[in-house]
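Asker: Any chance you could fold what I've pasted below:
(3 chains)
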Amino acid sequence: MTMPSPVAPEWFAHQDTVSMARGLLGQLLVHSTAEGWAAGMIVETEAYRGPLDQAAHSFGNRRTRRTEVMFGPPGHAYLYQIYGLYVCFDVVSGPVGAPEAVLVRAVAPVENLPLMARRRGVWAESDLASGPGKLTQALGITMAHNGLPLWEPPLYLAHYRDPWPAHAIAAGPRRNIPYAGEAQHYPWRFWIRGHAAVSRPSGPAAER
DNA sequence: TTGTGGATCGCCT
DNA sequence: GGCGATCCACAAG
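Answerer: Prediction:
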């Protein structure tokens, strides 16, 4: 497989955050480094809607060094570190001034599985990138990528397959946001129904 | 300047 | 299912 072409910059601008969260399912996330290029198909996302969303880092338009890129134009990478150990990857959405983003929670390995396995230190395909901290590690994405545009190398999105039929996409509450009040119940987590690469937290009734 | 806690993961029982 | 790792961003003062 040769490296796929990136999406056009306009793709990010013509949809709201929830639409983008759905639209990212089935797209390829590609990262090229000196070690080679690797890619995964996005199978799970979560929408975070800034000002009105208590779960979002930018809730109430909170503008800090960390949230700054979310206030900029859509289609850029928002990266943050969590628990001092892991990095999470978001796609900035919404127009300039609207601090919204989509968290990519899981990808299915598509290209260069050996490289992904080496970075992760595990070899089971279903464990390579089935979580937000796992996929950044598998693809070699770091805090240094914060703010980069996602329509050109080294880190970009590419169309991979046609949009999924509605019945193939499931929606439900987002993971691990107990502090978010009412917002913890909003059905803004989306995933490809039954896909093996969707994250599997240990909680009860972990729906996949 | 300091204290607090997190959009997670993997190992332990 | 429970818990520790590990550190940066944030807010308080």
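Asker: Could you use CA atoms for every contact and neighbour count after this?
Answerer: Will do.
Asker: Now do stretch A:130-144, average pLDDT.
Answerer: Regarding stretch A:130-144, the rounded mean pLDDT is 97.
Asker: Let's see the distance spanning it from one end to the other.
Answerer: End-to-end distance of stretch A:130-144 (Cα to Cα, to the nearest Å): 22 Å.
Asker: Can you verify residue A:11 is assigned to a strand?
Answerer: No - counting by DSSP: H, G, I helix; E, B strand; the rest coil, residue A:11 is not found in a strand; it is helix.
Asker: How much space separates it from residue A:34?
Answerer: Residue A:11 is 28 Å from residue A:34, by Cα to Cα.
Asker: Looking at the two, which one has more neighbours?
Answerer: residue A:11 (12 against 5; other Cα atoms under 10 Å).
Asker: buried stuff in the longest strand anywhere in chain A?
Answerer: Longest strand in chain A, counting residues (DSSP state E): strand A:36-49. Buried residues in strand A:36-49, counting neighbours by 16 or more other Cα atoms under 10 Å, are found at A:37-49.
Asker: could I have stretch A:157-176 exported to CSV, CA atoms only?
Answerer: This file holds the C-alpha atoms of stretch A:157-176, laid out as CSV (Å, rounded to 0.1, in the frame of the first residue of the first chain):
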residue,chain,number,x,y,z
LEU,A,157,-6.4,12.1,7.9
ALA,A,158,-7.3,10.2,4.7
HIS,A,159,-10.6,8.9,3.3
TYR,A,160,-10.5,5.1,3.5
ARG,A,161,-14.0,3.8,2.8
ASP,A,162,-17.4,5.2,2.2
PRO,A,163,-19.5,6.4,5.1
TRP,A,164,-21.1,3.7,7.2
PRO,A,165,-24.8,3.1,7.0
ALA,A,166,-26.7,4.4,10.1
HIS,A,167,-27.2,1.0,11.6
ALA,A,168,-23.5,0.3,11.7
ILE,A,169,-22.8,3.2,14.0
ALA,A,170,-23.7,3.1,17.7
ALA,A,171,-24.0,6.0,20.1
GLY,A,172,-23.8,6.2,23.8
PRO,A,173,-22.4,8.1,26.8
ARG,A,174,-18.8,9.1,26.9
ARG,A,175,-16.3,7.3,29.0
ASN,A,176,-14.8,8.3,32.3
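Asker: what sits up against that stretch?
Answerer: A:4-7, A:22-23, A:25-30, A:41, A:46, A:150-151, A:184-193 (Cα atoms under 8 Å, 6 or more residues apart in numbering).
Asker: Around DNA strand B, pick out the residues from chain A.
Answerer: Within chain A, the positions lying close to DNA strand B (Cα under 7 Å from any atom of the strand) are A:46, A:48, A:55-58, A:81-86, A:88, A:90, A:101-103, A:120, A:127, A:130-135, A:175-177, A:179, A:199, A:201.
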